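Participant: Using only what follows, build the 3D model:
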Amino acid sequence: MTSPAADTAKTTPTGGGTFAPLAQGTFAVLWVATILGNIGSFMRDVASAWLATDLSTSPAAVATIQAAATLPVFLLAIPAGVLSDILDRRRFLIAIQFGMAMVSGTLMILASRQALTIEILIGMAFLGGIGAAMMGPTWQSIVPELVPQNTLKRAVALNALGVNIARAIGPAAGGLLLAAFGAATTYGFDLVSYVFVVGALLWWKRPVRATDPLREHFFGAFRAGLRFTRAHSKLHVVLARAAVHFAFGSSVWALLPLVARQLLHGGASLYGVLLGAVGMGAILGALIMPRLQRRLDADGLVLLSAIVTSLVMATLSAAPPVWIALPLLLLLGAAWIMALTTLGGAAQAILPNWVRGRALAVYQMVFNGAMAAGSLVWGFVAQELGTPRGLLIAAAGLMVAALVLHRMRLPRGEEDLGPARHWPEPEMAGEIAHDRGPVMILIEYCIAAQDRDAFLRAVHKLSEERLRDGAFNWGVMEDPADPELLTEWFLVESWAEHLRQHQRVPNADADLQRDVTRYHTGAQPPRVRHLLGVGLPAGR
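Facilitator: Have a look, this model is predicted:
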């Protein structure tokens, strides 16, 4: 299990506090089931991480367990996001749960026979990571289906809180079970946890969506998702900030088993307690987040998270006594949820529903890619220079990077992303096959000479919207015989993709289009033309 959209009307945020989304019954049931599932997953992860330290003394081998679990999310996040947007999300989630349960069942059987090796642990972590890759964007994409729009950010924060409630319970329980009964029992508890998640998903009666004649297929949806993310400058800011933060921050997760064993001289139960302290700190952090948000904006919260995380890592590198290490990990948990909630909420807030799964998959890919690459890098750094120096170098890097990137401001996500549906239907002499293409759309504007520069600045702002919503090329041309006649053009790969554009343009971008049109001086609205690609006749 890993951390967890009917369109809802845009409203201004209302009261209700951190737990307001739990008033929605379906969200509450799935949220509780997610916590139970994540408790099992953290128990499994503790067992695997600790067994790795028994099976190998190499820091690089131990860190590879973390990398193997996160690498599939980096590799498969975008295909998973495509599937989450084109398949029934509820059925897809149920299928994923069964697959992940099989991984835990295999670990349980092999552990009971004492047949686990470091290679098998890495392989099972990789298979579990595939399940996490499929699960992540799909679970996040259903959140707007479960809560009103005005509580969406709180629901995102509650999902992160739920993960950390599980982190507060699962690792400690896993460490105690591992020490008392062995790995097979610990994996068995994880296997049972999937029953609760599947049961909740079966209980959820997701409304059946009407058949859409413009329903996307895998490869077309894949390309559309890539076009959207490539053209979305605000999403690029979120991705860049997340990549840097989590690449440096991954060091503490990759090296924590070694901190517990080598620096704090503890066993499996101490490792579980340390992870539990992180989870408890995250719960406390989530509870104080509303107060912090009244004093700090999103950029301030991410900077504060980076500073606290850096100081914790630097102090852990000095091998403090356990009674100091535990409060430090409480602070680490609070700082971690600050970054997760703030960056994840910023991504959710700027995404329209039609591409939410794919764009969140890109965010997950960046997050887990940074975690996987960081885990490998810091594992080898620790192997060459020692665990304390590895932590200290990562802490310094995170501090410097956070201060440098603080000027790259995160988007506020206040735009109305509901579909405007303001484009008129295109004129056609007859039916056009949906796969016909490419399609060139021409929009002719009459622009007075004194308005030309202002118009060009406005229409270039519009170019990003055209490219996000389906175009693969865009430009503006002038008529040499009439310099006041300017034509905006953009290319779309098929007629169906252009019809989807009609459904995708959000209200925020409709306002931008009206800003462009106000420079038009013609008696009639700007003329819109559609041109279809024509191939050679058959037999030529």
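
Participant: C-alpha only now, for contacts and for neighbours.
Facilitator: Noted.

Participant: Can you pull the poorly scored residue ranges out of the stretch 51-200 of the chain?
Facilitator: By pLDDT under 70, the weakly predicted segments of the stretch 51-200 of the chain are 57-63, 66, 149, 164, 167.

Participant: residue boundaries of the strands in it?
Facilitator: Using DSSP state E, counting those that start in this stretch, no strands are found in the stretch 51-200 of the chain.

Participant: repeat for the chain
Facilitator: Using DSSP state E, the strands of the chain run over residues 439-446, 471-479, 482-492, 527-532.

Participant: between those strands, which one is nearest to L76?
Facilitator: Nearest to L76, of all the strands of the chain, is strand 471-479, at 23.5 Å by C-alpha to C-alpha.

Participant: partners of the closest one, with directions?
Facilitator: As defined by DSSP bridges, the strand partners of strand 471-479 come to strand 482-492 (antiparallel).

Participant: Tell me, how many residues neighbour V273?
Facilitator: 23 (other C-alpha atoms under 10 Å).

Participant: and it, what is it in contact with?
Facilitator: Residues near V273 by C-alpha atoms under 8 Å, 6 or more residues apart in numbering: P171, A172, G175.

Participant: okay, now the last one: neighbour count?
Facilitator: The criterion is other C-alpha under 10 Å. On that basis, G175 has 31 neighbouring residues.

Participant: just use 332 as the starting number from now, easier for me
Facilitator: Happy to do that; since the first residue is 332 now, the last one works out to G506.

Participant: my guess is it meets A599, correct?
Facilitator: Yes. Using C-alpha atoms under 8 Å, G506 is in contact with A599, at 5.3 Å.

Participant: how close does A408 get to S648?
Facilitator: 33 Å (C-alpha to C-alpha, to the nearest Å).

Participant: more neighbours, those two?
Facilitator: The residue with more neighbours, out of A408 and S648 and counting by other C-alpha under 10 Å, is A408; that gives 31 against 21.

Participant: Show the contacting residues for the residue of the chain most remote from its centre.
Facilitator: Distance from the centre of the chain peaks at A812, with 50.1 Å (C-alpha atoms, centre = their mean). Neighbouring residues of A812 by C-alpha under 8 Å, 6+ apart: there are none.

Participant: Phi and psi next, for it.
Facilitator: phi -80, psi -20 (degrees, to the nearest 10).

Participant: Could I get the pLDDT score of it?
Facilitator: At A812, the pLDDT value in this model is 90.

Participant: What distance do you get for it to L787?
Facilitator: Counting by C-alpha to C-alpha, the gap from A812 to L787 is 19 Å.

Participant: next one: I496
Facilitator: According to C-alpha to C-alpha, I496 and L787 sit 52 Å apart.

Participant: These two: who's more crowded?
Facilitator: Neighbours were counted for I496 and for L787 using other C-alpha under 10 Å; I496 has more, 23 against 17.

Participant: Was I right to think the more buried one contacts G368?
Facilitator: No. Assessed by C-alpha under 8 Å, I496 is found out of contact with G368, at 11.4 Å.

Participant: Okay, now the unreliable bits of this structure?
Facilitator: Looking along the chain with the criterion set at pLDDT under 70, you get 332-349, 388-394, 397, 480, 495, 498, 539-545, 867-871.

Participant: Could you find the closest non-adjacent residue to R860?
Facilitator: Closest residue in space to R860, ignoring its immediate chain neighbours: L773 at 5.0 Å, by C-alpha to C-alpha, 6 or more residues apart in numbering.

Participant: Quick one: neighbours of L741, just the number.
Facilitator: Neighbourhood size, L741 [other C-alpha under 10 Å]: 22.

Participant: Break this protein into its domains for me.
Facilitator: Per automatic domain parsing, the domain ranges recorded for the chain read 353-536+547-736, 770-863.

Participant: Go through those domains and pick out the most buried.
Facilitator: Comparing these by mean neighbour count (mean count of other C-alpha atoms under 10 Å), domain 353-536+547-736 ranks first with a mean of 22.

Participant: So what's the gap between that domain and the chain middle?
Facilitator: The chain centroid and the centroid of domain 353-536+547-736 are separated by 11 Å under C-alpha atoms, centre = their mean, to the nearest Å.

Participant: got the end-to-end distance for it?
Facilitator: 35 Å.

Participant: do the same with stretch 589-600
Facilitator: Length of stretch 589-600, first residue to last, C-alpha to C-alpha: 13 Å.

Participant: Need the contact partners of it.
Facilitator: With C-alpha under 8 Å, 6+ apart as the criterion, stretch 589-600 contacts 381, 390, 503, 506-507, 509-510, 601-602, 605, 647-648, 650-653, 718.

Participant: Let me know whether the residue nearest to R860 touches V859 as I believe.
Facilitator: Yes. Judged on C-alpha under 8 Å, L773 makes contact with V859 at a distance of 5.6 Å.

Participant: Contact partners for A839?
Facilitator: Contacts of A839 (C-alpha under 8 Å, 6+ apart): E746, D747, L748.

Participant: ok, now how distant is S435 from Q844?
Facilitator: Taking C-alpha to C-alpha, one finds S435 at 52 Å from Q844.

Participant: Also I655?
Facilitator: Taking C-alpha to C-alpha as the measure, I655 falls 58 Å from Q844.

Participant: Nothing else from me, thank you.
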